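Participant: Structure of the sequence below:
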Amino acid sequence: MSQFTLEIPNEILQLLERLAQHQRKSLDQLILDQLKSMAIREVDPQMTQKRIEQAFIQSGLLSTSYQEKIPPPLSDAERENLAQKLAQAGSLSELILAEREERSNVDLLLRKQRSH
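Facilitator: Now for the predicted structure:
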C-alpha cells in the first residue's frame, strides 16, 4: 500500500474523528472508505447503482425476484402483431358503449319478466 500525507484544517479533522467514532472505524479506515466511495461514484456510476441495489437486497427492502417479473421488450414483429389485433378490436369508447347497451337491454328484459 502507498503512503499519502494530507494536511487538513483542525475543524475537518475533528468532524472526521467524530464520524469515525460513530461508525466504529479508525480514522484511517473512514478516510479510505470515503475516498474509495467517491472514486467509484466518479469513475463508475453504474457500480454505485449496483452497490445501492445490493444494499437494498441485503436489507430485505428489495427482492431479487423483481427482475424476473419484468418481461423482456417486445420484438418489432410482436409489436406489429399486437397493433393489428388492437386495430381489429375497434376503439375503446365504442366497446364501452356497446357493453352499456347490452347491459341496458338485459336490464330491460329482466324488468319485463318480473312485471309478468
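Participant: Average pLDDT for the helix ranked longest in the chain, rounded please.
Facilitator: For the chain, the longest helix by residue count, based on DSSP state H, is helix 92-115. For helix 92-115, the mean pLDDT works out to 84.
Participant: got it, and stretch 35-48?
Facilitator: 74.
Participant: give me the element the residue lying closest to Ser63 once chain neighbours are set aside is part of.
Facilitator: Using Cβ to Cβ, 6 or more residues apart in numbering and skipping the chain neighbours, the partner closest in space to Ser63 is Ile57 (7.5 Å). From N, CA and C alone the C-beta is placed, and that goes for glycine too. Per DSSP states H and E: Ile57 is located in helix 45-59.
Participant: How far away from the center of its chain is that helix?
Facilitator: Between the centre of helix 45-59 and the centre of its chain there are 12 Å (Cα atoms, centre = their mean, to the nearest Å).
Participant: Please put the alpha-carbon coordinates of that helix into PDB.
Facilitator: What follows is helix 45-59 as a C-alpha-only set of coordinates in PDB (Å, rounded to 0.1, in the frame of the first residue of the first chain):
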ATOM      1  CA  PRO A  45     -21.700   5.400 -11.700                       C
ATOM      2  CA  GLN A  46     -23.100   2.000 -12.600                       C
ATOM      3  CA  MET A  47     -21.000   0.500  -9.800                       C
ATOM      4  CA  THR A  48     -22.700   2.900  -7.300                       C
ATOM      5  CA  GLN A  49     -26.100   1.800  -8.600                       C
ATOM      6  CA  LYS A  50     -25.100  -1.900  -8.100                       C
ATOM      7  CA  ARG A  51     -23.900  -1.200  -4.600                       C
ATOM      8  CA  ILE A  52     -27.100   0.600  -3.700                       C
ATOM      9  CA  GLU A  53     -29.200  -2.200  -5.200                       C
ATOM     10  CA  GLN A  54     -27.200  -4.800  -3.300                       C
ATOM     11  CA  ALA A  55     -27.600  -2.900  -0.100                       C
ATOM     12  CA  PHE A  56     -31.400  -2.800  -0.600                       C
ATOM     13  CA  ILE A  57     -31.400  -6.600  -1.400                       C
ATOM     14  CA  GLN A  58     -29.400  -7.400   1.700                       C
ATOM     15  CA  SER A  59     -31.600  -5.300   3.900                       C
END
